[in-house]
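> Quick one: sequence plus predicted model below, questions after.
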Amino acid sequence: MNFAESLASLICDSEHCVVFTGAGMSTESGIPDFRGPQGLWKKMKPVDFNDFVSSETVRQNTWQSWFEHSSGLLRAEPNAGHRAIANLVLSGHVSAVITQNVDNLHQQSGVPAERVIELHGNASYAKCLSCGRRSELADIEREFAATRAVAPCSDCGGIIKTATISFGQMMPEEPMRRCEQETLESDLFIVLGSSLTVYPAAGFPQLAANNGAKLVIINQEPTALDSVADLTISDSIGKVVTAAAEIVLR
């Protein structure tokens, strides 16, 4: 039995399968790992949330850097792995997708938004930190090009920021609650493209394994949980997951 067949067998036997994705999920869409040699953070230094909130200068410099360097992230398209996961969700074989990614590619691939739990937010839009009002990045970019600034929220005067979770920012309470619930209900937990080094997100696969779920890890590099995983695969996520989904959906 090859890797795809082994994965397909586990999915078919599962009653509550959860998929957990990291940066490696999106490298096949041309998005470099944020921390890698070609990652976005090599071009755009990450900004601490408290600095962003407290300094107008930091905010405007951050927006300028964002518009200069984020185009590749925002133009990316879902890859075969994203589409395979979407097919598994829509067919009822995967209950939820927990993601560390901010690229919106799971939603673009067809996974209903309510089935995607974003631990680190979403880079495809912005929102007010005070009232939560959504703003589209295209509108903000036009405003910034004309005025070299991003004005406060027109509804409440709050600070506008990309809808991502920055260093120093509190993790989102409701997504964290939903992640814990899905993890504890899972009998199969599939990790795709995560080094499992960023906490608290990386704690969910360990929680699943501790709770008796089967654990699968597909990642190009070893992870700290390989020793407790039921199946580890070092291969293309798109290739393996697509082949497994085809077997499951026959």
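Noted; the coordinates are in hand.

> quick one: the helices in this protein?
Counting by DSSP state H, the segments of the chain that form helices are 3-13, 40-43, 49-54, 56-69, 71-75, 80-90, 105-109, 137-147, 173-185, 203-210, 237-248.

> Residue 28 is nearest to which of these?
Of all the helices of the chain, it is helix 237-248 that lies closest to residue 28, at 4.9 Å by CB to CB. Bear in mind the C-beta positions are built from the backbone N, C-alpha and C, glycine included.

> Next, the angle helix 3-13 makes with that closest one.
For helix 237-248 against helix 3-13, the angle between stretch directions is 50 degrees (axes from the mean of the first three to the mean of the last three CA atoms, to 10 degrees).

> Going by mean pLDDT, which of the helices of the chain comes out lowest?
In terms of average pLDDT, helix 40-43 trails the rest of these, at a mean of 52.

> on that earlier part again, any chance of a markdown table for the helices of the chain, columns mean neighbour count and distance to residue 19?
Shown next, in a markdown table, are the helices of the chain (neighbours: other CB atoms under 10 Å; distance: least, CB to CB, whole Å):
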| stretch | mean neighbour count | distance to residue 19 |
| --- | --- | --- |
| helix 3-13 | 18 | 10 |
| helix 40-43 | 15 | 24 |
| helix 49-54 | 15 | 28 |
| helix 56-69 | 16 | 28 |
| helix 71-75 | 14 | 21 |
| helix 80-90 | 23 | 6 |
| helix 105-109 | 23 | 9 |
| helix 137-147 | 13 | 27 |
| helix 173-185 | 16 | 10 |
| helix 203-210 | 20 | 11 |
| helix 237-248 | 21 | 9 |
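
> Export the ones you listed as CSV, with columns for distance to residue 125.
Listed next are those as CSV, based on distance: least, CB to CB, whole Å:
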stretch, distance to residue 125
helix 3-13, 32
helix 40-43, 17
helix 49-54, 17
helix 56-69, 13
helix 71-75, 10
helix 80-90, 19
helix 105-109, 11
helix 137-147, 6
helix 173-185, 16
helix 203-210, 25
helix 237-248, 26
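
> Which one, of those, ends up nearest to residue 119?
Going by CB to CB, the one of the helices of the chain nearest residue 119 is helix 173-185, 5.9 Å.

> Confirm for me that residue 106 is in contact with residue 82.
Yes: between residue 106 and residue 82 there is a contact at 6.1 Å, judged by CB atoms under 8 Å.

> ok, back up a step: which one, of the helices of the chain, ends up nearest to residue 228?
Proximity to residue 228, assessed across the helices of the chain by CB to CB, is greatest for helix 203-210 (5.1 Å).

> That closest one to helix 173-185, inter-axis angle?
For helix 203-210 against helix 173-185, the angle between stretch directions is 20 degrees (the same axes, to 10 degrees).

> related to what we said a few turns ago, looking at the helices of the chain, which is closest to residue 196?
Across the helices of the chain, the minimum distance to residue 196, taken as CB to CB, is reached by helix 203-210, at 6.3 Å.

> What distance do you get for the most centrally placed residue in the chain to residue 245?
In the chain, the residue lying closest to the centroid (CA atoms, centre = their mean) is residue 101, at 2.0 Å. Distance check for residue 101 against residue 245: by CB to CB, to the nearest Å, it reads 19 Å.

> got a list of what the residue lying closest to residue 235 once chain neighbours are set aside touches?
The shortest distance from residue 235 to any non-neighbouring residue, by CB to CB, 6 or more residues apart in numbering, is to residue 3 (6.6 Å). Residue 3 makes contacts with 231, 233, 235, 240, as judged by CB atoms under 8 Å, 6 or more residues apart in numbering.

> Grab the two from the residues you listed that are most spread out in space.
Using CB to CB, the contacts of residue 3 span at most 11.7 Å, a distance reached by 231 and 235.

> what does stretch 227-234 contact?
When contacts are defined by CB under 8 Å, 6+ apart, stretch 227-234 is touched by residues 3, 6-7, 10, 191, 206, 209, 214-222, 226, 240.

> Alright, that wraps it up for me.
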